[in-house]
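> below: sequence and its predicted model.
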Amino acid sequence: MTSLKNNRPVIVGIFIFLGLAILVITIFTLGGQKKTFVRTFTINAIFNDVGGLLTGGNVWFSGVKVGTVKKISFYGDSQVQVTMNIERDAEAHIHKDAKAKIGSDGLIGNKIVIIYGGDPKKPQVEKDDFLSVEKATSTDDMLATLQENNKNLLEITKDFKSITKKIDSGEGTLATLINDPTIAKKLSSAADNLQETLANLKTVSEGSKNVLANLQDFSGKLTKKGNSINDLASDTVVYKSVKATLAQLNEASNSVTKFTANLKTVSDKLNQKDNAVGVLLNDSETAASMKITLKNLEASSKKLDEDLEALQHNFLLRRFFKKKEKAAL
């Protein structure tokens, strides 16, 4: 009994020591979670509605906890100023044009402040700066939107039910299309025709591909050296010669055209009676007169021959003609 009484202070001291150790560990643990022993600086943001944000709430930046909410106070008539303790390590990553908004830690978790954005080229945030804010969608807004969507879905369901009922009763064009076997056959036939048309289009497309391939092959042959067309296209001397030949052919064609026009003019004049040749060709009386004149000239020529022969036998001139014949020999 005496030994147990002497050890009692030691046991009490051990329990006190363990209690103090647990207290210190708890303080350091909670302080580490709340960033109590971390160097911080304050920045501010002014919101129209903080949506139930509490002092001590977390502040997140790029998905990392960088501080806590230090103070929430009214600003002006109805706005709320939120003062945040931000770790010094995060100061270099938050810039003056960054924005803040109210979010939730999960779907229905505690409210938090989310810092986002910021141009790296802009200066970094400083102590007691004010960040721009963005109105966040609250849970009430989401529930109101969900309720409105439910109403719209209910209306759509009612309309769909009405349309289904009409189709079942055979009302409307769609019901006729579904319930009439004749129209179904026609649609099936149209689908077959469409499939056949698509097959024809495929055949035409393949033919077009072949034509394009042949055209490409022909174009390749044209650009290949050693053929006449390529030589004609690339040889400037031959090209100039062909060009000169074409010019001469064009000039000759123009000359032929002019000659044909002149020939037509002469032909037209021959068909007219205002010139000598036209009169001879077209006036039958003149032609008859010319014929008579030619006959008279022929008769006169014969008469002249007879007279000359008679003169040769005349005794007065016979001697003259004999001398002339001898001179000719």
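Received it, and whenever you're ready, just let me know what you need.
> kindly export stretch 65-76 (C-alpha atoms) in PDB.
Extracted in PDB, the C-alpha atoms of stretch 65-76 (Å, rounded to 0.1, in the frame of the first residue of the first chain):
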ATOM      1  CA  LYS A  65      -6.500  25.800 -51.000                       C
ATOM      2  CA  VAL A  66      -4.500  29.000 -50.600                       C
ATOM      3  CA  GLY A  67      -6.200  30.700 -47.600                       C
ATOM      4  CA  THR A  68      -9.300  31.200 -45.500                       C
ATOM      5  CA  VAL A  69     -12.000  33.800 -45.000                       C
ATOM      6  CA  LYS A  70     -10.900  36.200 -42.300                       C
ATOM      7  CA  LYS A  71     -13.900  38.500 -42.100                       C
ATOM      8  CA  ILE A  72     -17.300  39.100 -43.600                       C
ATOM      9  CA  SER A  73     -18.800  42.600 -43.200                       C
ATOM     10  CA  PHE A  74     -21.400  44.800 -44.900                       C
ATOM     11  CA  TYR A  75     -20.200  47.200 -47.600                       C
ATOM     12  CA  GLY A  76     -22.400  50.100 -48.500                       C
END
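> buried residues in that stretch?
Judged by neighbour count using 16 or more other Cβ atoms under 10 Å, the buried positions of stretch 65-76 are 66-70, 72. Where C-beta positions appear, they are placed from N, C-alpha and C, glycine not excepted.
> quick check: mean pLDDT across that stretch?
Here stretch 65-76 scores 90 as its mean pLDDT.
> hmm, who's touching that stretch?
34-35, 40, 42, 46, 50, 53-60, 80-87, 89-90, 94, 113, 115 (Cβ atoms under 8 Å, 6 or more residues apart in numbering).
> try stretch 95-113
So stretch 95-113 is contacted by 45, 47, 49-54, 57-60, 69, 82, 84, 114-120, 122-126, 129, 131-136, 138-139 (Cβ under 8 Å, 6+ apart).
> can you measure across it, start residue to end residue?
16 Å (Cα to Cα, to the nearest Å).
> chain center to that stretch, what's the gap?
Put simply, stretch 95-113 sits 43 Å off its chain's centre (Cα atoms, centre = their mean, to the nearest Å).
> now swap in stretch 195-202 and tell me
With Cα atoms, centre = their mean, you get 27 Å for stretch 195-202.
> which one of the buried residues of stretch 65-76 is nearest Phe218?
Phe218 has its nearest neighbour among the buried residues of stretch 65-76 in Val66, at 71.6 Å by Cβ to Cβ.
> and the helix or strand hosting Glu306, what does it pack against?
Glu306 belongs to helix 284-312 when assigned by DSSP states H and E. Judged by 3 or more Cβ pairs under 8 Å, 6 or more residues apart in numbering; DSSP states H and E, helix 284-312 is in contact with helix 276-282.
> mind doing that once more with 10 Å?
Contact here means 3 or more Cβ pairs under 10 Å, 6 or more residues apart in numbering; DSSP states H and E; on that basis helix 284-312 packs against helix 276-282, helix 318-328.
> chain center to that helix: distance?
Centre-to-centre, helix 284-312 and its host chain are 97 Å apart (Cα atoms, centre = their mean).
> same check, this time on stretch 52-72
That offset, for stretch 52-72, works out to 50 Å (Cα atoms, centre = their mean).
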